[in-house]
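Enquirer: Dropping a prediction and its sequence here:
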Amino acid sequence: MLYVIYNKTTDTNAYVTEDKSSALMYAGECIDYGYADDLIVHKYDMTEEEYDECLDPQLVGWYTIKGFIEQFGEEPTFSELTPAEAERLINLSPEEKDFVVMHIPDATLIAELSRRVNEYRKYADKVSQANAELRIFI
């Protein structure tokens, strides 16, 4: 599938990709920056090379930016992040972290806190075990 984010005002393609998550990310940025009203998403059943060569591509569907995100967007799970995406999340400024935490679903936050608590318990148990093995009884 090919996703083309099209600007109706300038009659140009704003973004062309075969990656749905990349198109969703760009659509989200358009909403964040406030220019999503001028854009629509066209969906084609072809590759980018076929689209570039085709004079009259057959449209499979079109969506508003908000409708595209609602239809194809998924709840984020951090285990599915690429290393580059994870690295960007790690190096956020404090203001960016506050903004991100406000928009992450509660279930995701609770799952991450649970994972961190379990890691802390494993570490604390190993330290306690090492301390017990190092004791010298006289």
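Expert: Received the coordinates, thanks. Numbering: from 1, shown residues only.

Enquirer: roughly how far out does the longest helix seen in the chain sit from the chain middle?
Expert: In the chain, with assignment by DSSP state H, the single longest helix is helix 106-134. Its chain's C-alpha centre lies 27 Å from the corresponding centre of helix 106-134 when counted by Cα atoms, centre = their mean, to the nearest Å.

Enquirer: I'd like the average pLDDT over it.
Expert: For helix 106-134, the mean per-residue pLDDT is 87.

Enquirer: again, but for stretch 20-35
Expert: pLDDT averaged over stretch 20-35 gives 85.

Enquirer: Repeat that for stretch 55-66.
Expert: 81.

Enquirer: residues contacting the nearest residue to Lys8 once chain neighbours are set aside?
Expert: Residue nearest to Lys8 in three dimensions, not counting chain neighbours: Asp38, with 5.7 Å by Cβ to Cβ, 6 or more residues apart in numbering. C-beta coordinates here come from the backbone N, C-alpha and C atoms, glycine included. Asp38 sits next to 7-10 when contact means Cβ atoms under 8 Å, 6 or more residues apart in numbering.

Enquirer: Next, format these as CSV and append neighbour count and distance to Val100.
Expert: Below are the contacts of Asp38 laid out as CSV (neighbours: other Cβ atoms under 10 Å; distance: Cβ to Cβ, whole Å):
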residue, neighbour count, distance to Val100
Asn7, 15, 28
Lys8, 10, 30
Thr9, 9, 30
Thr10, 9, 31
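
Enquirer: what's the most distant pair in those residues?
Expert: Lys8 and Thr10 (8.0 Å; Cβ to Cβ).

Enquirer: do you know how far Met25 is from Glu53?
Expert: Using Cβ to Cβ, to the nearest Å, Met25 is found at 27 Å from Glu53.

Enquirer: Give me the more crowded residue out of these two.
Expert: Set Met25 next to Glu53 and count neighbours by other Cβ atoms under 10 Å: Met25 wins out with 15 against 10.

Enquirer: Next secondary structure after the helix or strand containing that one?
Expert: Assigned by DSSP states H and E, Met25 falls within helix 20-33. Downstream of helix 20-33, the next assigned helix or strand under DSSP H and E is strand 39-44.
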